[in-house]
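A.B. asks: Build me a model from this:
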Amino acid sequence: MSAVVMHLLAYLPLLFPVPAALAARPLADRLDPRLATWLLTVGALALGGLGCAALGVVAAAGVVRLQPAAWVGHWSASVVRAGDTVTTVEAGAAAAILAAAVGAGARLLWRRMRALASAALEAACLPGHEQLAVVEDAAPDAYALPGLPGRVVVSTGMLDALGPADREAMLAHERAHLTCHHYAFVAAAHLAAAVNPLLRPAATAVTYTVERWADEYAAATCGDRRQVARAVGRAALATAHHPGRRRLPSAVLGLLGRRGPLAGAGPVPRRVAALLAEPAPSTTLFRLPLLPLAGAAAVVGSSALCAFAAAHDLHVLLGVAGT
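C.D. replies: Below is the predicted model:
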């Protein structure tokens, strides 16, 4: 493969998040929310990692053309410079962007680990030993605290604002967050977005799809989709009169959306409309929607192929320069 083609392949994985970002919201709205969450999260993580790998190849292409690197690797720096079209400026820029991406990912990972630890500590300190903990607070609130095993926290204000059937739907929604480990999907998607900002629409979509997943879980538990829609709507109206919520760890997931600095609470009207509409076809191994899966596989596979081809060609060039 020519050096020019190798040069282009190294940059293509940086562009594949664009179609993923454009497809994020349509996939979130049209697919079964469980499948959409898995598809968007895994795809975002893969594209974020492959983009970093491509940046690493470009940065490495600039390092290997330096004479000290040639002495250490026992190859000819002049042969490498003749066969590689990556300039020193490009390699330096790629190294700087890669360092910024890794730093942003590490910072978000550290904050998320602290948030999970804080949530687990708060869950352990709540009164009682059952999964449900009721706190004396006039402000309506309901959320899931991940931990070992985690707690569902409901304020007395929320219990007063909802009727018995609404409470059942609300509790089923919060238990779904814990049972399905939704905080892990949200954390993974936002990690990918921190590494590559082009993936932010995918992370926002995952924040929405986990809420839709919990809504559908609650609907299956209660046997009434309209009841879950009413519970979500009534909870939103109740909290509108009490806008001040106490500060909670960013790992917390609630009936009305996620908390924390990266919160992108799933819009309540979209969720209510989805619950009142016909449900998306349930997905099993033999009833998976082939077109979205094929599209996701094509985008991720093409990105992986380009990154691998660029790395392989750099390896071949070093082999030629070392002979």
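A.B. asks: Check which element follows the lowest-mean-pLDDT helix or strand in the chain along the chain.
C.D. replies: Ranking every helix and strand in the chain by mean pLDDT, DSSP states H and E puts strand 257-258 at the bottom, with a mean of 61. Toward the C-terminus, strand 257-258 is succeeded by helix 268-276 as the next helix or strand (DSSP states H and E).
A.B. asks: now that next one: how far from the chain's centre is it?
C.D. replies: How far helix 268-276 lies from its chain's middle: 22 Å, per CA atoms, centre = their mean, to the nearest Å.
A.B. asks: Spatially central residue in this structure, please.
C.D. replies: residue 189 (1.0 Å; CA atoms, centre = their mean).
A.B. asks: looking only at pLDDT, what's the mean for the host helix or strand of that residue?
C.D. replies: Under the criterion of DSSP H and E, residue 189 resides in helix 182-195. For helix 182-195, the mean per-residue pLDDT is 94.
A.B. asks: packing partners for that helix?
C.D. replies: helix 33-63, helix 88-125, helix 200-222, strand 253-254 (3 or more CB pairs under 8 Å, 6 or more residues apart in numbering; DSSP states H and E). Bear in mind the C-beta positions are built from the backbone N, C-alpha and C, glycine included.
A.B. asks: Reformat these as TSV; add distance to residue 276 and mean pLDDT.
C.D. replies: Listed next are the helices and strands packed on helix 182-195 as TSV, based on distance: least, CB to CB, whole Å; pLDDT from 0 to 100:
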stretch	distance to residue 276	mean pLDDT
helix 33-63	15	93
helix 88-125	32	90
helix 200-222	11	94
strand 253-254	21	78
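A.B. asks: Which residue, neighbours along the chain excluded, lies closest to residue 101?
C.D. replies: Closest residue in space to residue 101, ignoring its immediate chain neighbours: residue 195 at 4.7 Å, by CB to CB, 6 or more residues apart in numbering.
A.B. asks: Surely that neighbour is in contact with residue 102?
C.D. replies: Yes: using CB atoms under 8 Å, residue 195 is in contact with residue 102, at 7.5 Å.
A.B. asks: more neighbours, those two?
C.D. replies: residue 195 (26 against 15; other CB atoms under 10 Å).
A.B. asks: contacting residues for that one?
C.D. replies: 48-49, 51-52, 101-102, 104-105 (CB atoms under 8 Å, 6 or more residues apart in numbering).
A.B. asks: swap the cut-off to 6 Å and go again
C.D. replies: Contact analysis of residue 195 by CB atoms under 6 Å, 6 or more residues apart in numbering lists 48, 101, 105.
A.B. asks: Please apply the same query to residue 88.
C.D. replies: Neighbours of residue 88 in contact, by CB under 6 Å, 6+ apart: residue 62.
A.B. asks: circling back to that earlier point, quick one: the residue nearest to the centre of the chain from residue 202, how far?
C.D. replies: The gap separating residue 189 from residue 202 is 6 Å, by CB to CB, to the nearest Å.
A.B. asks: what is in contact with those two at once?
C.D. replies: Joint contacts of residue 189 and residue 202 (CB under 6 Å, 6+ apart) are residue 44.
A.B. asks: Need the residues that contact stretch 29-47.
C.D. replies: The contact list for stretch 29-47 (CB under 6 Å, 6+ apart) reads 16-17, 20, 27-28, 185, 188-189, 192, 199, 202, 205-206, 209-210, 212-213, 216, 280, 283, 296, 300, 303.
A.B. asks: Name the secondary structure element that contains residue 134.
C.D. replies: Using DSSP H and E, residue 134 falls in strand 132-135.
A.B. asks: ok, residues contacting the helix or strand that that strand is followed by?
C.D. replies: Counting by DSSP H and E, the next helix or strand C-terminal to strand 132-135 is strand 142-145. Residues outside strand 142-145 that contact it (CB under 6 Å, 6+ apart) are 119, 122-123, 151-154, 158, 170, 174, 177-178, 252-255.
A.B. asks: tell me which of those is nearest to residue 230?
C.D. replies: Checking these against residue 230 with CB to CB, the nearest one is residue 170 at 10.5 Å.
A.B. asks: and whatever helix or strand the closest one lives in, what other elements does it pack with?
C.D. replies: Here residue 170 sits within helix 164-179, counting by DSSP H and E. With contacts taken as 3 or more CB pairs under 6 Å, 6 or more residues apart in numbering; DSSP states H and E, helix 164-179 sits against strand 142-145, helix 200-222, helix 225-240.
A.B. asks: Can you name the residues in contact with the second one?
C.D. replies: Going back to what we said before, that points to helix 200-222. 20-21, 24-25, 28, 33-34, 36-37, 40-41, 44, 168-169, 172-173, 176-177, 182, 185-186, 189-190, 193, 225, 228, 258, 264, 266, 271, 275.
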